[in-house]
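> sequence isn't available, so here's the structure alone:
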């Protein structure tokens, strides 16, 4: 999924075959939207998020019992590459709960990790 899109995921999402998910230049309306999307992808192994904004989200939770690879990175469209200066997280805190996570990539994030369980 790519573009200037605000994602507001309802409580029930069912994407049973999504194994890889790349999100570029999208904004999540809330932390619940993020977690509802991840929860609806029961076999999600790889999640990549580039330059996403969480509107009014103080804590960003990424929780999945099957997620093996997580990448969070900024994106600067005008330059055509990832940039740390327009990431959109500001003072948000990141909580990762992923017991089988094998790869974590955070590129120049303006994130303060508060809890990591993996």
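Great, that's in hand. If you're wondering where the values come from, they're calculated on a predicted model, not measured in any experiment.

> residue ranges with poor pLDDT in the protein?
1-4, 51-58, 75-92, 108-118 (pLDDT under 70).

> how about the strands in it?
2-7, 20-28, 46-50, 53-54, 59-63, 69-73, 93-97, 103-106, 112-117 (DSSP state E).

> same list (those) but as JSON lines, adding distance to residue 38 and mean neighbour count.
Using the backbone N, CA and C atoms, a C-beta is placed for each residue, glycine as well. Listed next are the strands of the chain as JSON lines, based on distance: least, CB to CB, whole Å; neighbours: other CB atoms under 10 Å:
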{"stretch": "strand 2-7", "distance to residue 38": "12", "mean neighbour count": "11"}
{"stretch": "strand 20-28", "distance to residue 38": "8", "mean neighbour count": "17"}
{"stretch": "strand 46-50", "distance to residue 38": "7", "mean neighbour count": "18"}
{"stretch": "strand 53-54", "distance to residue 38": "13", "mean neighbour count": "18"}
{"stretch": "strand 59-63", "distance to residue 38": "6", "mean neighbour count": "17"}
{"stretch": "strand 69-73", "distance to residue 38": "10", "mean neighbour count": "19"}
{"stretch": "strand 93-97", "distance to residue 38": "10", "mean neighbour count": "17"}
{"stretch": "strand 103-106", "distance to residue 38": "15", "mean neighbour count": "12"}
{"stretch": "strand 112-117", "distance to residue 38": "15", "mean neighbour count": "11"}
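
> please identify which of these is closest to residue 34.
strand 20-28 (4.9 Å; CB to CB).
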